[in-house]
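J.: Just need the structure, nothing else, for what follows:
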Amino acid sequence: MRKMIEFKEAKFENGVLHLHTEQNELIKGIKPAGQIIADSDKFAFVYLAENEEEYVYLYLDEPIWGQLKKALDEKCPVIAKSEEESFELDGFHEELDYLVSNIEGNGNYGDEMVKKVETAFID
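T.: Predicted coordinates for the structure are as follows:
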């Protein structure tokens, strides 16, 4: 079964974007894989992390896209954290920038996803 971690809260602290999750057990022992994909059915970006056995999907849902845009624009580090663990999302800026530019005007992601991404990320 696919392991998914959702981040419902994103806060800037001292120039760093902290993505908070309460899924403490799932975040233990995972490392960044440095790749972001889109889940156009759930209107989310998905950062790939991994443990020793499998990928772990870090869901960056639409409600936090405003903070992701700010982190992208300002080149702020992005940290995934729980109460006990944290790690930086390596390659975040390059991956998200590439994916946003690929989604822009691209109906393959679905009209609604394109519209949401363009509204949130394209100036």
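J.: what's the strand or helix carrying Lys115 in contact with?
T.: Taking DSSP states H and E as the criterion, the element that holds Lys115 is helix 111-121. The contact list for helix 111-121, computed with CB atoms under 8 Å, 6 or more residues apart in numbering, reads 38, 40, 43, 62, 65-66, 69, 72, 100, 103-107, 109. For every residue, glycine as well, the C-beta is placed using N, CA and C.
J.: And stretch 20-31, by the same measure?
T.: Residues outside stretch 20-31 that contact it (CB under 8 Å, 6+ apart): 3-11, 49-52, 56, 80-85, 87.
J.: Please state the offset of stretch 34-47 from the chain centre?
T.: Computed by CA atoms, centre = their mean, to the nearest Å, the chain-centroid distance of stretch 34-47 equals 7 Å.
J.: buried ones in that stretch?
T.: Of all the residues in stretch 34-47, those buried under the rule 16 or more other CB atoms under 10 Å are 36, 38-40, 43-47.
J.: Now intersect those residues with the helices, please.
T.: Among the buried residues of stretch 34-47, DSSP state H puts none in helices.
J.: now those in a markdown table, with pLDDT?
T.: Conversion of those to a markdown table gives the following (pLDDT from 0 to 100):
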| residue | pLDDT |
| --- | --- |
| Ile36 | 98 |
| Ala38 | 97 |
| Asp39 | 97 |
| Ser40 | 95 |
| Phe43 | 96 |
| Ala44 | 97 |
| Phe45 | 97 |
| Val46 | 97 |
| Tyr47 | 97 |
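J.: Would you mark the buried spots in the helix or strand bottoming out on mean pLDDT in the chain?
T.: The weakest-scoring helix or strand in the chain, judged by mean pLDDT, DSSP states H and E, is helix 24-27 (a mean of 85). By neighbour count on 16+ other CB under 10 Å, the buried set for helix 24-27 is 26-27.
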